[in-house]
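Participant: next input, structure requested:
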Amino acid sequence: MEIIVEVLGRNGRVSERVKCRGQHVGIGRSYHNDVILADPYVCPQHLELQFDPATSHWKVQDISSQNGTFRVGRGRLTQPQVLQSGDEFDLGETRIRVLLPAHEIAATRVLPSGRMLADYFALPVVAVALLIITLGVFAFARYLGQGTEIKLQELLLEALMFLAVPFVWACVWGMIGRVAVHDVRFGFHLSMGSLLVILVFVVSVLADFLAFGFSSENLALWLENGGEGLLLCGFLLASLWAATNLGRAARWILANGLAWGVIGVGLLAWVVNSDPYETQGQEVYRLKPPFARLQPAVELDTFMQSAEGLFTELDAAEKSS
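Facilitator: The predicted structure follows:
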């Protein structure tokens, strides 16, 4: 005879599955058992499954355990009872499920496209390519925001420090994955960190352009923080999916809580550090022509002469009109 015992985790998922053969199955903390539970609240010999040839049924019996056995939905087990396939029992802080070999199983699920996409992002070549793009995005952002000439050495040093962001993201989620699901998936998390940095920059620039078009700094503030919050929430969902066994609802709650908590703290810090008596608007330097500085430099005298000529032409045009 055969019977299957599943050990369930706190989230209800199967953490261990044991297929037992014979007419007697012992469950407990002792190494003599067929199913060994690492739970200090479980007795050495806690529960017994016994097959009855006369009735062709399995029976379950608590072996006078100290903390008792509870049949889910029926209360404490005080005497031998007939076992039904799929019954669940609480032993100490552990829940088990007992199944017969003929127990119906769920239909095979189609592999989601998201998993294939995750495998693509886990490729080393993709992770390295996204790191290079991140480096280019940083250099471009630094170029747009620089009012003076900057040395190449300084730019490279700052870029390397900037690349620490996706690496820290990958290391943190890799450690969580190693502990939770025994799978680091460093390449996937590195790709997610790089992609997050790239998209945050894009959202920031778009918010500046929209704010410039509508002449509203508050619009830029809310658009930028709202977009970054949505991005952070999405990438937290992806990393939680890859690094943990949490259910969908738990992932949504945790990702939204972390993302909007970070955005809220950032907004609070901005409000605290902002000057309430500021009368001049902030200069949106990113809206300047990005390639203007690539034009050949001219001497100051030459520029003043050309500007003087331009003003002379404007005065003449005004008088003629």
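
Participant: remind me, longest helix of this structure?
Facilitator: helix 186-214 (DSSP state H).

Participant: now for that one, which elements pack on it?
Facilitator: When contacts are defined as 3 or more Cβ pairs under 8 Å, 6 or more residues apart in numbering; DSSP states H and E, helix 186-214 packs onto helix 113-121, helix 124-145, helix 164-180, helix 217-243. For glycine as for every other residue, the C-beta is placed from the backbone atoms N, C-alpha and C.

Participant: which elements pack onto the next helix or strand after the longest one?
Facilitator: Heading C-terminal from helix 217-243, the first helix or strand you meet, by DSSP states H and E, is helix 248-273. For helix 248-273, the elements it packs on are helix 217-243, judged by 3+ Cβ pairs under 8 Å, 6+ apart.

Participant: in the helix it packs on, which residues are buried?
Facilitator: For helix 217-243, a neighbour-count test (16 or more other Cβ atoms under 10 Å) marks 220, 223-225, 227-233, 235-243 as buried.

Participant: for G234, give me its contacts.
Facilitator: By Cβ atoms under 8 Å, 6 or more residues apart in numbering, the contact list for G234 reads A255.

Participant: so what pLDDT did it get?
Facilitator: At G234, the model reports a pLDDT of 93.

Participant: same question for the one 5 residues further on.
Facilitator: In the predicted model, S239 carries a pLDDT score of 91.

Participant: cool, L77 as well?
Facilitator: So, for L77, pLDDT stands at 90.

Participant: who's in contact with it?
Facilitator: By Cβ under 8 Å, 6+ apart, L77 lies in contact with V60, Q61, D62, G68, T69, F70, R71, F89.

Participant: in JSON lines: the helices and strands packed on helix 186-214, plus distance to R251.
Facilitator: Formatted as JSON lines, the helices and strands packed on helix 186-214 follow (distance: least, Cβ to Cβ, whole Å):
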{"stretch": "helix 113-121", "distance to R251": "13"}
{"stretch": "helix 124-145", "distance to R251": "23"}
{"stretch": "helix 164-180", "distance to R251": "12"}
{"stretch": "helix 217-243", "distance to R251": "5"}
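
Participant: tell me which of the ones you listed sits nearest to A259.
Facilitator: Ranking those by their distance to A259 (criterion: Cβ to Cβ) puts helix 217-243 first, at 3.8 Å.

Participant: the residue nearest to N225 when sequence neighbours are not counted and S85, how far apart?
Facilitator: Of all residues not flanking N225 in the chain, I263 sits nearest, at 5.3 Å (Cβ to Cβ, 6 or more residues apart in numbering). Taking Cβ to Cβ, to the nearest Å as the measure, I263 falls 49 Å from S85.

Participant: number of residues surrounding the residue nearest to G247 when sequence neighbours are not counted?
Facilitator: The shortest distance from G247 to any non-neighbouring residue, by Cβ to Cβ, 6+ apart, is to N11 (5.8 Å). Residues contacting N11 under the criterion other Cβ atoms under 10 Å number 11.

Participant: do the same with the one 3 residues further on
Facilitator: Burial of V14 is recorded as 10 neighbouring residues (other Cβ under 10 Å).

Participant: pretty sure it contacts E88?
Facilitator: No - assessed by Cβ atoms under 8 Å, V14 is found out of contact with E88, at 11.6 Å.

Participant: who touches both of those two?
Facilitator: Residues touching both V14 and E88 (Cβ under 8 Å, 6+ apart) are L8, R97.

Participant: tell me the residue furthest from the middle of the chain?
Facilitator: For the chain, the residue at maximal distance from the C-alpha centroid (Cα atoms, centre = their mean) is S320, at 66.6 Å.

Participant: I'd like to know how far it sits from S306.
Facilitator: Distance from S320 to S306, by Cβ to Cβ: 21 Å.

Participant: one step back: how much space between the residue nearest to G247 and N245?
Facilitator: Relative to N245, and taking Cβ to Cβ, N11 is found at 6 Å.

Participant: quick revisit: and the residue nearest to G247, that's in a helix?
Facilitator: No - according to DSSP: H, G, I helix; E, B strand; the rest coil, the state of N11 is coil, so it is not within a helix.

Participant: distance of it from R95?
Facilitator: Taking Cβ to Cβ, one finds N11 at 11 Å from R95.

Participant: and for A102?
Facilitator: 22 Å.

Participant: more crowded one of those two?
Facilitator: More crowded of A102 and R95, by other Cβ under 10 Å: R95, with 17 against 6.
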